[in-house]
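1. Based on what follows, work out the 3D shape:
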Amino acid sequence: MDRVCIIGAGWSGLAASQVLHERGIPFDCYEAGSEVGGNWRYLNDNGMSSGYRSLHINTSKKLSEYRCYPMPEEYPPFPSVFQMSEYLDDLVDHFGFRDKIAFRTEVTHVEAAEEGGWTVTSRHRDTGVETTRHYGSVMVANGHHWKPRDPEPAFPGVETFTGTQIHSHYYKTPEEYAGKRVLVLGFGNSAADIAVETSGVAERTFLTTRRGGYVFPKFMFGKPADDMISPFLTMVMPREQQRWIMALLLKLSIGSVQDFGLPKPEHKLFNSHPTVSETLLPKLGHGDIGVKPNISHFDGGSVHFVDGSVEKIDAVIYASGYQVSFPFLDESVIAPTDNDVSLFHRVVDPNHDGLYFIGLFQPLGATTVLAEAQSHWVADLLQGKAALPSTEAMAKEIKGYKDALAKRYVTSKRHTMQVDHYPYLAELRGARKKGAKLARKALKARNKAALKTPLSSDYQPEEVSIRIDAHPDVVWDLISDVTRMGDWSPECWKCSWRDETRGVGAKFTGHNKRGWMRWVTSNTVEAWERGKAFSFHTTTNGVRWGYRLEQDGDGTVVTERWDVSGQSEAQRKRTASFANMMLGGYEGHTAELRAGMTATLERVKAAAEAVERPAAVRELVALEQAA
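-> Numbers count the residues shown, from 1 in each chain. A predicted model of the protein is given here:
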């Protein structure tokens, strides 16, 4: 199977790595930093992570833990950034794929290879050494919270501002804002956290929001709020009813945001990504944070707002979101426009085979579980267990998704890749199920075509060889005794001679079984030369089996051979029918035969090397070596 390139070792890249490692799919993971974790590694030296010191997850431990690896029981319901990085380290070491991750290595270029697959160029950040490798597929998991987006367009007069300005991406701790007048722009989770934190040390903190929004507490009635969400109801209950129930719960638990000085939201609940904070509303209620409408313009050290009010400000922190960017991909491959990327089920690029994106969504829920589910679907595709529909069908799904977003959400660069946790999990399950049907249909078509295609003129029988530390006579005695074939073959039950005849032309019957199915074969010996060869022809299906022995020092090289060149058309059809029913088609049949031949020779080797050589054989070996 072709090797896979995974870009990034944050929690989406780790989900992909764990799934591929579990499935036995070879891969390399590239990580720009020295450690795993992405945004969940505080002061990550990859230079791209935005985690601040007080950061905690905003979906509960129960919802956020990988399904393959639960978080420790002693973790609180909403672990910190330090606990999360420890959890991710433990995940990697538990499953044992740390050696598959190339640390301090950034991917600089990815392009389609002429022979198929992808050419990936990487650079070690310390040595500067560049390496180019070929991969069958690429899984992009570089995240979408690493390239800050400043307000667009810039506010008038911003160039005259005499205070400091940073994007929330660069915020780490509140100490530098002690005694200052701080303005935080935005109403997402980061804006809420930073406004709360700076308000504890600043002379005054203001929060400016353009349209307002809903605030979800982390706890409701003593439990994590997302424990209140029913997976079943989120998929079957109409959104209006879901909206009514959640609005009632919010009303009962916190009241309305207007009660805390926030503007009334201009949109319905669930029509924008909600803000999750346990501390914002109490801070607003205490008057520790002032609320302002959108900025009108800057004027030196003053900030003017659209309601005509003015405040002296020393520092502005823009929590204005991020740009989706893939600097290693040429714009001809994919070019996000206002954070809009056209992907089938948010994963597959319909126009480029083998290019997948993991974690490229904004969830009402947890990234970990969804990235894990995406990775399992991609693994199905890589292993041939699932297939993709036509490009036209994928384009139709993408259009439907975008139309649904436009109908539901307010127009914003923040709402170009929204997914709801449980419905999206169901969507991925459906994609895997449909993909499996498509794969079976395609396999059936290939098998049908294979029956109509004669063997090529350059056909070569399958062969497997092994060296056995035993004399050829010992090995030959074992493999030429057909009554012992049940000891060697993984599928054979027993074999018996038809009569007392031995040697070339002798016939025997093989009894084979596979699960509930048993069948009988008729075989004729075609070659019988002591210490050199033993072969036979299975007359029921036209397959020829043979063993070739060559002395190698005091040992023997044994080669097992499987040849179907003598099959009639009818025999090929019967073989294909069995292969379709039991082994997943010709491809599966061939693969299993190779594995079976290897297993047979391993068993013969074990038996031959366990035989105590008689003195005559030892003397024969010595004479041959002397000659």
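2. in the stretch 301-450 of the chain, which spans are helices?
-> 367-382, 391-408, 421-452 (DSSP state H, counting those that start in this stretch).
3. So for residue 32, which of these sits nearest?
-> helix 367-382 (18.4 Å; Cβ to Cβ). Every residue, glycine included, has its C-beta placed from N, CA and C.
4. tell me the angle the closest one makes with helix 421-452.
-> 10 degrees (axes from the mean of the first three to the mean of the last three Cα atoms, to 10 degrees).
5. Model confidence at residue 440, what's the number?
-> The model reports residue 440 with a pLDDT of 87.
6. for residue 448, same thing?
-> For residue 448, the model assigns a pLDDT of 69.
7. swap in the one 3 residues further on?
-> Confidence per residue is given as pLDDT, and for residue 451 that number is 59.
8. got it, and the one 10 residues further on?
-> If you check residue 461, the pLDDT there is 86.
9. tell me the phi and psi of it?
-> phi -60, psi 150 (degrees, to the nearest 10).
10. Quick check: the gap between it and residue 446.
-> According to Cβ to Cβ, to the nearest Å, residue 461 and residue 446 sit 21 Å apart.
11. Could you do residue 563 as well?
-> 22 Å.
12. Can you name the residues bridging to the residue lying closest to residue 156 once chain neighbours are set aside?
-> Distance criterion Cβ to Cβ, 6 or more residues apart in numbering; nearest residue to residue 156, sequence neighbours excluded, is residue 297 at 4.0 Å. With DSSP bridges applied, residue 297 shows beta-bridge pairing to residue 304.
13. Now for residue 297, how many residues are close by?
-> Residue 297: 14 surrounding residues under other Cβ atoms under 10 Å.
14. Let me see the contact set for residue 197.
-> Residue 197 is in contact with 52, 54, 174, counting by Cβ atoms under 8 Å, 6 or more residues apart in numbering.
15. Skipping adjacent residues, who's closest to the second one in space?
-> For residue 54, the nearest residue in space outside its immediate sequence neighbours is residue 197; the separation is 5.9 Å by Cβ to Cβ, 6+ apart.
16. Do I have it right that residue 601 meets residue 561?
-> No - using Cβ atoms under 8 Å, residue 601 is not in contact with residue 561; the gap is 11.4 Å.
17. from memory residue 204 sits against residue 181, does it?
-> Yes - in this structure, residue 204 is within contact of residue 181 by Cβ under 8 Å, at 4.9 Å.
18. which strand of the protein spans the most residues?
-> Longest strand in the chain, counting residues (DSSP state E): strand 517-529.
19. CA atoms only for that strand - export them in PDB, please.
-> Provided in PDB are the C-alpha atoms of strand 517-529 (Å, rounded to 0.1, in the frame of the first residue of the first chain):
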ATOM      1  CA  MET A 517     -17.800 -24.300   3.600                       C
ATOM      2  CA  ARG A 518     -16.000 -27.600   2.700                       C
ATOM      3  CA  TRP A 519     -14.900 -28.800  -0.700                       C
ATOM      4  CA  VAL A 520     -13.000 -31.700  -2.300                       C
ATOM      5  CA  THR A 521     -10.300 -31.400  -5.000                       C
ATOM      6  CA  SER A 522      -8.900 -33.900  -7.400                       C
ATOM      7  CA  ASN A 523      -5.100 -33.800  -7.900                       C
ATOM      8  CA  THR A 524      -2.600 -35.500 -10.000                       C
ATOM      9  CA  VAL A 525       1.200 -35.600  -9.300                       C
ATOM     10  CA  GLU A 526       3.200 -34.300 -12.300                       C
ATOM     11  CA  ALA A 527       6.700 -34.100 -11.000                       C
ATOM     12  CA  TRP A 528       8.500 -36.300  -8.300                       C
ATOM     13  CA  GLU A 529      12.200 -36.100  -8.000                       C
END
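20. where does this protein have low pLDDT?
-> 1, 232-233, 235, 409-415, 447-456, 490-491, 514-517, 575-591, 612-627 (pLDDT under 70).
21. Return the distance of the longest strand of the chain from the chain's centre.
-> 46 Å (Cα atoms, centre = their mean, to the nearest Å).
22. Residue 563 and residue 446 - which one has more neighbours?
-> Counting neighbours by other Cβ under 10 Å for residue 563 and for residue 446 shows that residue 563 has the greater number, 18 against 12.
23. and the closest residue to that one other than its chain neighbours, how many neighbours?
-> In space, and not counting its chain neighbours, residue 563 is closest to residue 461: 3.8 Å by Cβ to Cβ, 6+ apart. Neighbourhood size, residue 461 [other Cβ under 10 Å]: 13.
24. Looks like residue 461 contacts residue 562 (just checking).
-> Yes - using Cβ under 8 Å, residue 461 is in contact with residue 562, at 5.9 Å.
25. Identify the contacts common to these two.
-> residue 544.
26. What separation do you get for the residue nearest to residue 563 and residue 574?
-> Counting by Cβ to Cβ, the gap from residue 461 to residue 574 is 19 Å.
27. Repeat that for residue 329.
-> Taken as Cβ to Cβ, the span from residue 329 to residue 574 is 49 Å.
28. Neighbour count for the two, which is higher?
-> residue 329 (22 against 15).
29. and the nearest residue to that one once chain neighbours are set aside, helix, strand or coil?
-> Of all residues not flanking residue 329 in the chain, residue 110 sits nearest, at 5.6 Å (Cβ to Cβ, 6+ apart). With DSSP: H, G, I helix; E, B strand; the rest coil as the basis, residue 110 sits in strand.
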